[in-house]
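Chemist: generate a structure from the sequence data that follows.
(one chain, ligands or ions: 2)
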Amino acid sequence: MRIAVLLGGTSTERDISLVTGRAVGLALAEGGHDILLVDPAFGDEAVGPREAEEAAAIGSTPPPIREEAGNALRAVAGEAVSGADVVFVALHGGTGEDGTIQGLLELAGKPYTGSGVLACALAMDKRASKIVLRDAGVATPDWQVVSFEGERDPDARGGSPWLPNDLPPGDAEEAVRRLGGPPVVVKPNDQGSTVGLTIVREEAEIAPAVRLAAEYSRHVLVETYIPGREMTVAVLGGEALPVVEIAPKSGLYDYESKYTRGMSAYTCPAEIPAALATELAASALTAFAALGCRGYARLDYRVTPDDRAFCLEANTVPGMTAVSLVPMAAAAHGIDFVGLVDRIVKMALK
Ligand SMILES: Nc1ncnc2c1ncn2[C@@H]1O[C@H](COP(=O)(O)OP(=O)(O)O)[C@@H](O)[C@H]1O
Ligand SMILES: [Mg+2]
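Modeler: Ligands and ions are numbered 1, 2, ... in the order given. Okay, the predicted model is just below:
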């Protein structure tokens, strides 16, 4: 098959996407497919996976701050994508994971991996997905939203919902009070990789935390802090894969702990009671279905010391590097990386 891998892009997670995309490209090539890698940050230039690996031809330039008008559009309309049987979306965050690129691929009539427009958009908007999760009976931490968007000025608003309980930035302390006070977690509503996130342990930290998160998002999510352990569940083709437990050495599963080898310890299958494993699997499948995900996704959880699981978010384009969590869970289930990417591609063609 001819497969175009979209990687890179212009989000804050560009660098990780480059690693994911190259790993996926090499694995698909190993599986016997013809592969071209396309970086929508630069338009429709395409390179083979080996070239990309050897010369690091893609990604040798610093990430563009803003998408140059039309580049992503040219990438999807260009020869590499039009000539492909299927597109592997390896873009993390931003327009690659929020449904925008997926919409272009829909319009182009090109089959692509992973979730469609609405599931991607919902999953990228943490608050929107929490509303859906709660409605589906999936436990998620209590939350409040501090909004930097005008209530009565729809023209000044972005695409994210504005709800009557949203608080203006001056009332950030009130948001924390409504949650029963610190500790709380303050994060941008639509970023990944723990960018712009603060664990707030006392009142004085609220304002700076909200300011930091607001650098990345017009909506700031304030969540009850869930003490305990960090777990994640991958869903692949209607099945929940073995639970991965993550123990970041720094205590917080931040950008560095996520992407630096040795900064976190992983256990898969997690050493947890069978009942908890069953509950996490059921919860992940419910969350996957409720958000309308397709193919594969990864659901992040916090689990309290008394084994109550809270879903934090869904990742519709999860990391797929050699040290990533979905490949780890697949391996524990007997599926190697080449087999994993092959299954993801096959599901895109169904
Ligand atoms: N409510 C919470 N309670 C405890 N830890 C949290 C909470 N929200 C986030 N975290 C920590 O921050 C990390 C990143 O948060 P998450 O919501 O998964 O966003 P993203 O991964 O998209 O940056 C989590 O993996 C977890 O370690
Ligand atoms: Mg996460």
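Chemist: skip the chain neighbours and tell me the closest residue to G21.
Modeler: L7 (2.3 Å; C-beta to C-beta, 6 or more residues apart in numbering). Every residue, glycine included, has its C-beta placed from N, CA and C.
Chemist: who's in contact with the one you found?
Modeler: 17-18, 20-22, 24-25, 37-39, 58, 90-91 (C-beta atoms under 8 Å, 6 or more residues apart in numbering).
Chemist: can we see that at 6 Å?
Modeler: By C-beta atoms under 6 Å, 6 or more residues apart in numbering, the contact set of L7 is S17, L18, G21, L37, D39, A90.
Chemist: widest-spaced pair of those?
Modeler: Spanning the widest gap among the contacts of L7 are S17 and L37, at 11.0 Å by C-beta to C-beta.
Chemist: among the contacts of L7, which ones are in helices?
Modeler: S17, L18, G21 (DSSP state H).
Chemist: let me see the confidence value for the second one.
Modeler: Reported pLDDT at L18 in the predicted model: 91.
Chemist: tell me, how many residues neighbour it?
Modeler: Neighbourhood size, L18 [other C-beta atoms under 10 Å]: 26.
Chemist: show me the shaky parts of the protein.
Modeler: 51-68, 150-159 (pLDDT under 70).
Chemist: strands along that one, start to end?
Modeler: Taking DSSP state E, the strands of the chain run over residues 2-6, 34-38, 46-47, 86-89, 143-147, 184-188, 198-200, 219-224, 229-236, 239-240, 244-248, 264-267, 296-303, 309-315.
Chemist: now the ones you listed in a markdown table, with distance to A331 and mean neighbour count?
Modeler: Output for the strands of the chain, formatted as a markdown table (distance: least, C-beta to C-beta, whole Å; neighbours: other C-beta atoms under 10 Å):
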| stretch | distance to A331 | mean neighbour count |
| --- | --- | --- |
| strand 2-6 | 21 | 25 |
| strand 34-38 | 22 | 24 |
| strand 46-47 | 28 | 20 |
| strand 86-89 | 19 | 26 |
| strand 143-147 | 34 | 22 |
| strand 184-188 | 30 | 25 |
| strand 198-200 | 31 | 19 |
| strand 219-224 | 31 | 24 |
| strand 229-236 | 11 | 24 |
| strand 239-240 | 15 | 16 |
| strand 244-248 | 10 | 18 |
| strand 264-267 | 11 | 15 |
| strand 296-303 | 14 | 25 |
| strand 309-315 | 18 | 23 |
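Chemist: lovely, talk soon.
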